[in-house]
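> Predicted model follows, preceded by the sequence.
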Amino acid sequence: NEMFQMNDVISTLNGTTGTGWLNIFSDEPIDAFATVILNSTNDPVIQLPIHSQMNKPSAFTVGQASMGMHNRLFIQSSVKSGTFESSLIVVNMSPSGGEFTIEIYDRSGRLISSKTATVNGYGMYVDDDIRSSAPGSYGQIIIEPSGSLLLMANSLVVSADGTAGFFPAVAMPAANMMQMAGEWQGSLTGTLINAQVTMTLFQEKGMMYGSLTLTGGTFPIPGTTMTFSGEMDPTTNGFMLLAHGTSPLFNLSLYMPSFSGMPMGGMQGQGMQMQGKMLYLDEQNRKDVGTFTMTRMGHVYQN
């Protein structure tokens with residue numbers, strides 16, 4: 001339960017650079033944070049850590065982006081107006097360097113400017129005034145990696161009075177990732193199973209979860225409501241959902257290899273359809289292979 005504090009981190013670690021990034025390794029459960037003390041006001045600005053995302057499924061990664069998982073980073077707000085301005089710091093956690101793209105938007109969503117920047121392996125890209133080309137504006141920033149880059153990013157908003165605050169980048173899915181959330185109705189069709197179902201599907205980026213309720217027909221366990229979870233493939237917009245139960249122990253898998261429809265952020269209406277393969281297996285050695293077909297009936301949250 002001890003707290004250990006290291007003051008002036010770069011000097012304490014015998015560093016010779018003015019700006020750097022820190023990677024902390026431990027086989028014990030620890031947590032850490034960094035504090036930037038602004039000497040003009042003694043105002044502490046807290047920077048929380050991002051835990052390693054290397055072995056996580058792409059749907060569950062946060063704060064890091066590469067071409068192999070979430071492939072964009074999103075700074076929610078940046079500014080160049082009045083007494084405020086924003087910096088941008090991009091860290092490459094890959095041993096290989098390369099190029100990435102920076103897109104600057106205004107508050108109405110209009111792309112103001114974009115540029116390509118280069119970062120070395122384990123290196124940093126720093127711009128102390130990222131919106132210098134767009135004075136009098138504020139809005140989001142998008143960072144898109146290329147090649148084998150594994151990027152993290154941060155922005156520090158500083159005022160002329162010496163106050164400041166961090167905007168850590170958030171990992172975002174590809175812009176063409178489909179929006180599947182909603183209330184769905186359809187059927188599971190096989191040899192053993194011929195059931196009508198209602199599915200409540202939630203989605204957070206590429207992570208999908210919800211509940212599946214049997215409303216009619218035949219199923220080895222009648223009257224069952226089961227939870228499920230899964231993730232969407234960022235390249236094909238296909239998905240694998242796994243539902244399960246414990247009495248008896250069973251697994252129900254729904255697999256759709258690809259999907260084309262409405263991208264994330266679009267206005268999803270009724271009538272969108274999805275179909276794919278179904279696989280059922282339980283501890284009583286009952287098994288079935290078949291298909292599923294579902295139609296979107298409306299939003300998860302109704303007025």
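Yep, it's here.
> does residue 216 have beta-bridge partners, and which?
Judged by DSSP bridges, the bridge partners of residue 216 are residue 196.
> what number of residues lie near it?
Residues lying near residue 216 (other Cβ atoms under 10 Å) number 12. For glycine as for every other residue, the C-beta is placed from the backbone atoms N, C-alpha and C.
> any idea how far it is from residue 176?
36 Å (Cβ to Cβ, to the nearest Å).
> next one: residue 276
Distance of residue 276 to residue 176, given as Cβ to Cβ: 19 Å.
> Which one's more surrounded, the two?
The neighbour count for residue 276 versus residue 176, taken as other Cβ under 10 Å, is higher for residue 276 (19 against 11).
> Check the contact between the more buried one and residue 254; I expect there is one.
Yes. Using Cβ atoms under 8 Å, residue 276 is in contact with residue 254, at 6.2 Å.
> Bridge partners for residue 113, pull those for me.
residue 104.
> What is the burial count for it?
Look at residue 113: counted by other Cβ under 10 Å, it has 11 neighbours.
> Could you do residue 10 as well?
Neighbour tally, residue 10, other Cβ under 10 Å: 13.
> now residue 225
Neighbour count of residue 225, defined by other Cβ under 10 Å: 13.
> Can you tell me the closest non-neighbouring residue to it?
Distances taken as Cβ to Cβ, 6 or more residues apart in numbering put residue 213 closest to residue 225, at 4.5 Å, once the chain neighbours are dropped.
> which of the residues in the host helix or strand of the one you found are buried?
Using DSSP states H and E, the element containing residue 213 is strand 207-218. Neighbour counts using 16 or more other Cβ atoms under 10 Å place 207, 208, 210, 212, 214 of strand 207-218 among the buried residues.
> Rounded mean pLDDT for the strand or helix carrying residue 89, please.
Following DSSP H and E, one finds residue 89 within strand 88-92. Strand 88-92 shows a mean pLDDT of 95.
> Show me what it pairs with in its sheet, parallel or antiparallel.
When DSSP bridges is applied, strand 88-92 pairs with strand 124-127 (antiparallel), strand 151-159 (antiparallel).
> Give the residue spans of the chain that score low on pLDDT.
Low-confidence segments of the chain (pLDDT under 70): 54-55, 59, 68-70, 260-270, 302-303.
> if you go through it in chain order, where are the helices?
Using DSSP state H, the helices of the chain run over 9-12.
> mind listing what residue 38 touches?
Neighbouring residues of residue 38 by Cβ atoms under 8 Å, 6 or more residues apart in numbering: 44, 45, 162, 163, 164.
> hmm, 10 Å instead?
By Cβ atoms under 10 Å, 6 or more residues apart in numbering, the contact set of residue 38 is 44, 45, 158, 159, 161, 162, 163, 164.
> picking that back up, name the helices or strands packed onto the strand holding residue 213?
strand 182-189, strand 194-204, strand 225-232, strand 237-246 (3 or more Cβ pairs under 10 Å, 6 or more residues apart in numbering; DSSP states H and E).
> To residue 104, which of those strands lies closest?
strand 194-204 (26.5 Å; Cβ to Cβ).
> Noted, bye for now.
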